[in-house]
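Asker: Structure for the following, please:
(one chain, ligands or ions: 2)
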Amino acid sequence: MSTAFDKLPIIDLAPLQDPQVSENSLQELAATIRHTFETVGFAYLINHGVNVNHTELFNTAKEFFSLPQEQKNRLAKKTFVASNSNTYRGYFPVQKNDTSYKEGFEVGPSALSETFFQKPGKFDLQEANVWPENQDNFKKKTEAYYDGCTKLGNQLMSLVAISFELQDDYFDSLFNPTLSTLRYLHYPARTVKAEESASNDDDDALLSCSKHTDSGIVTLLCQDQVGGLEVQNSLGQWIPAPYVPESFVVNLGDLMHRWTNGKFVATMHRVRATNRDRLSIPFFFEPKLDCLIEPLQPCLESGVSQFDAVRYGEHVLGKMATWVEYQDDREAETDHTQLSAYSVAA
Ligand SMILES: O=C(O)CCC(=O)C(=O)O
Ligand SMILES: [Fe+2]
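Answerer: Ligands and ions are numbered 1, 2, ... in the order given. Modelled structure (predicted):
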């Protein structure tokens, strides 16, 4: 159940990096993770073991976003550029007429060891990645980071398993091959009036990413120092989640809420608009396409399941209908790709 938290807890994952770690320390860490996931649903992870330098990672993101628009458009999903063939992976431009104001580039696994039947439709969840031409370094760094996040995702799921007294490898085969998504995000600067950035509990703030819960399992977010991410507590207040050096922000998605029979919370969050460009890089740790998500046995109080079983792929396809990254509103009258369209001068 969500609580009236006033800041995000910090979870130290150092025990995971210790090859001599005792059973007891792992149990303790697992209990901390479970408690946090049951109450706040958000935390900072430190000593996470992912070999990443934030400055380098954000430089990699900047390399991509500073490519000429024409080159980015060649990587755009079919929704945005009809002559392109990629439907699920790739670039999405800044949206028009939306409270989300961001462009992004999404990458999935580099190779799938196994594929599953997916009913033909608008989106192919198992399609190959697209990459900018002549940017081998960008591809190499992105793939290495994707692998690092996948490893951490698996470790977190192992702690979740331990916390429910399941085998520590309970989730392993369900996340292999993973359909995780790494998303580079760029929120262009906007002109924000003083009153729009004044208080932390209003619902009328100018946003660059509208309030939402993530749809999947676990999100690992790397954000730059600009700030703007806010997390809603049980009182409805928006609690800022500023940058903590070399940490990840971790949070849970709707499917994890479902998988734990409502025990883990998928917490609402949003990004407030700022007058500086902002970069963030969420990694959505996801299972294999046909993974059956049904409430875990240890989460069934008196054997009662609150949710029907659902396959991961079906769930995502259902959710996508509501995601701005998959809506094309090019027909809108205002050209919102121009920053001036959003300026609200003080
Ligand atoms: O940019 C951020 O800090 C959050 C992004 C986010 O919540 C998302 O992409 O789901
Ligand atoms: Fe999110």
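Asker: Can you name the residue of the chain nearest ligand 1?
Answerer: Ser280 (3.3 Å; C-beta to the nearest ligand atom). Heads up, the C-betas are built off the backbone N, CA and C, glycines and all.
Asker: and the top helix by length along the chain, what other elements does it pack with?
Answerer: The single longest helix within the chain, with elements called by DSSP state H, is helix 136-163. If you count contacts as 3 or more C-beta pairs under 8 Å, 6 or more residues apart in numbering; DSSP states H and E, helix 136-163 packs onto helix 23-39, helix 54-65, strand 103-107, strand 181-187, strand 218-223, strand 278-285.
Asker: Let's have the ones you listed in TSV, adding mean neighbour count.
Answerer: Output for the helices and strands packed on helix 136-163, formatted as TSV (neighbours: other C-beta atoms under 10 Å):
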stretch	mean neighbour count
helix 23-39	17
helix 54-65	16
strand 103-107	23
strand 181-187	23
strand 218-223	24
strand 278-285	24
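Asker: With mean pLDDT as extra columns, can I get the ones you listed in JSON lines?
Answerer: Shown next, in JSON lines, are the helices and strands packed on helix 136-163 (pLDDT from 0 to 100):
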{"stretch": "helix 23-39", "mean pLDDT": "98"}
{"stretch": "helix 54-65", "mean pLDDT": "96"}
{"stretch": "strand 103-107", "mean pLDDT": "97"}
{"stretch": "strand 181-187", "mean pLDDT": "97"}
{"stretch": "strand 218-223", "mean pLDDT": "98"}
{"stretch": "strand 278-285", "mean pLDDT": "98"}
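Asker: And these: which comes nearest Gln167?
Answerer: Nearest to Gln167, of all these, is helix 23-39, at 12.7 Å by C-beta to C-beta.
Asker: what does that closest one contact?
Answerer: Residues outside helix 23-39 that contact it (C-beta atoms under 8 Å, 6 or more residues apart in numbering) are 1-3, 5, 9, 11, 13, 15-16, 18, 43, 156, 159-160, 162-164, 252, 256, 260, 263-265.
Asker: bridging residues for the residue of the chain closest to ligand 1?
Answerer: On the basis of DSSP bridges, Ser280 is bridged to Leu185, Gln223.
Asker: and if you look at the one 5 residues further on?
Answerer: As for beta bridges, Phe285 partners with Val218 under DSSP bridges.
Asker: That one and Tyr146 touch, don't they?
Answerer: No: counting by C-beta atoms under 8 Å, Phe285 does not reach Tyr146; the two are 10.5 Å apart.
Asker: any chance you could map the strands in this structure?
Answerer: For the chain, the strands defined by DSSP state E cover 10-12, 42-46, 90-92, 103-107, 181-187, 207-212, 218-223, 229-232, 238-240, 248-252, 269-272, 278-285, 292-293, 310-311.
Asker: about what we covered before: list the residues that contact both of Phe285 and Tyr146?
Answerer: Taking C-beta under 8 Å, 6+ apart as the criterion, Phe285 and Tyr146 both touch Ser180.
Asker: For the stretch 101-250 of the chain, list the residues in contact with ligand 1, please.
Answerer: By the rule C-beta under 6 Å from any ligand atom, the part of the stretch 101-250 of the chain lying against ligand 1 is 185, 209, 214, 221, 223, 229.
Asker: Out of those, which two sit at the greatest distance?
Answerer: Asp214 and Gln223 (14.5 Å).
Asker: Am I right that Ala266 is in contact with Gln232?
Answerer: No: if you go by C-beta under 8 Å, Ala266 and Gln232 don't touch, sitting 11.2 Å apart.
Asker: Specify which residue of the two has the higher count of neighbours.
Answerer: Using other C-beta atoms under 10 Å, the more surrounded residue of Ala266 and Gln232 is Ala266, with 25 against 21.
Asker: Enumerate every residue touching the more buried one.
Answerer: Going by C-beta under 8 Å, 6+ apart, Ala266 touches 41, 213-214, 251-254, 256-257.
Asker: Which pLDDT value does the model give it?
Answerer: pLDDT recorded at Ala266 is 98.
Asker: Thr150 too?
Answerer: pLDDT, Thr150: 98.
Asker: count of residues packed around it?
Answerer: 21.
Asker: Same check on Asp18?
Answerer: Asp18: 11 neighbours (other C-beta under 10 Å).
Asker: Also Lys7?
Answerer: With other C-beta under 10 Å as criterion, Lys7 counts 13.
Asker: confidence score at the closest residue to it other than its chain neighbours?
Answerer: Residue nearest to Lys7 in three dimensions, not counting chain neighbours: Ile239, with 6.5 Å by C-beta to C-beta, 6 or more residues apart in numbering. For Ile239, the pLDDT comes out at 96.
Asker: Ile239 contacts Asp6, doesn't it?
Answerer: Yes: applying C-beta under 8 Å, one finds Ile239 in contact with Asp6, separated by 6.2 Å.
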